[in-house]
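**Student:** requesting a structural model of the entry that follows:
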Amino acid sequence: IQLDVFDDAVWALTFCDGDSGYVTVYRIDPGTNTSRMVAVVSHEDREIAAQAMTVVDGTPWLAAFDIEIEGDVPPPGWLVRIDADNGVFEELAELGRWPRGVAYANGYLWVTDCADATVTQVDPNTGAVVGDPTLIGTPAPEEIEEAEEFSCPAEIVVHGDTLWVCTLVDGAVVPIELGG
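**Tutor:** Numbers count the residues shown, from 1 in each chain. Modelled structure (predicted):
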């Protein structure tokens, strides 16, 4: 489960069980301890997973990717925007091979990609990638299953005008200054 807080609610992202190929987003009212399912995010012809969510102005954003890989090279992951009122979701910007973390700062979404070792800036109004991704560590080879070791940017949080990115393999915490 991934959690985020916005306004007067706690938002929860639950992962699929590995066989179902979908993820679910809930909005929890901490005052009454009641929850409402906001959306089930799935795709007709592929099994998906999402390991990261952030909520911006009441809109949940997920970093999603395919569970099943045809051959050894995974397809691109993508950013998903959910309408919290009706549960409709929209797949936006394609992002690397394994989007793993997402945060909001200075008017932009920032997405880590574990396989490509990058942090990508996305305009939430258009879904467009802004500029070139920032390299953090060492990308995995194209055939990830053959990777012996690579640096994997995963979690991302914001403090002031700095993004803080944690890598999975070596446990490094890397600051990225946003410049106000």
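**Student:** beta partners of the residue nearest the centre of the chain?
**Tutor:** The chain has A63 as the residue nearest its centroid, 2.6 Å off, counting by C-alpha atoms, centre = their mean. Counting by DSSP bridges, A63 forms beta bridges with A52, L79.
**Student:** from R97, how far out is it?
**Tutor:** In this view, A63 and R97 are 12 Å apart by C-beta to C-beta, to the nearest Å. Where C-beta positions appear, they are placed from N, C-alpha and C, glycine not excepted.
**Student:** rewinding a little: ok, the residue nearest to the centre of the chain touching G96?
**Tutor:** No: taking C-beta atoms under 8 Å as the definition, A63 is not a contact partner of G96, at 9.4 Å.
**Student:** now list whatever residues contact both of these two.
**Tutor:** By the contact definition C-beta atoms under 8 Å, 6 or more residues apart in numbering, A63 and G96 are jointly contacted by G77, V111.
**Student:** residue most distant from the centroid, this structure?
**Tutor:** T32 (28.4 Å).
**Student:** and that residue, what element?
**Tutor:** If you go by DSSP states H and E, T32 is not part of any helix or strand.
**Student:** follow-up on the earlier one: between A63 and R97, which contacts overlap?
**Tutor:** Joint contacts of A63 and R97 (C-beta under 8 Å, 6+ apart) are G77.
**Student:** ranking helices and strands of this structure by mean pLDDT, which lands last?
**Tutor:** None of the helices or strands of the chain scores lower by mean pLDDT, DSSP states H and E than strand 89-95, at a mean of 82.
**Student:** low-confidence regions, this structure specifically.
**Tutor:** Filtered on pLDDT under 70, the chain yields the residue ranges 16-21, 43-47, 67-75, 141-150, 180.
**Student:** count of residues packed around the closest residue to N106 other than its chain neighbours?
**Tutor:** Nearest non-adjacent residue to N106, counting by C-beta to C-beta, 6 or more residues apart in numbering: L178, 5.1 Å away. Using other C-beta atoms under 10 Å, L178 has 16 other residues around it.
**Student:** is L178 in contact with W164, as I believe?
**Tutor:** No: counting by C-beta under 8 Å, L178 stays clear of W164, with 11.2 Å between them.
**Student:** what is in contact with the two at once?
**Tutor:** Common neighbours of L178 and W164 (C-beta under 8 Å, 6+ apart) do not exist.
**Student:** nice, that's everything, thank you.
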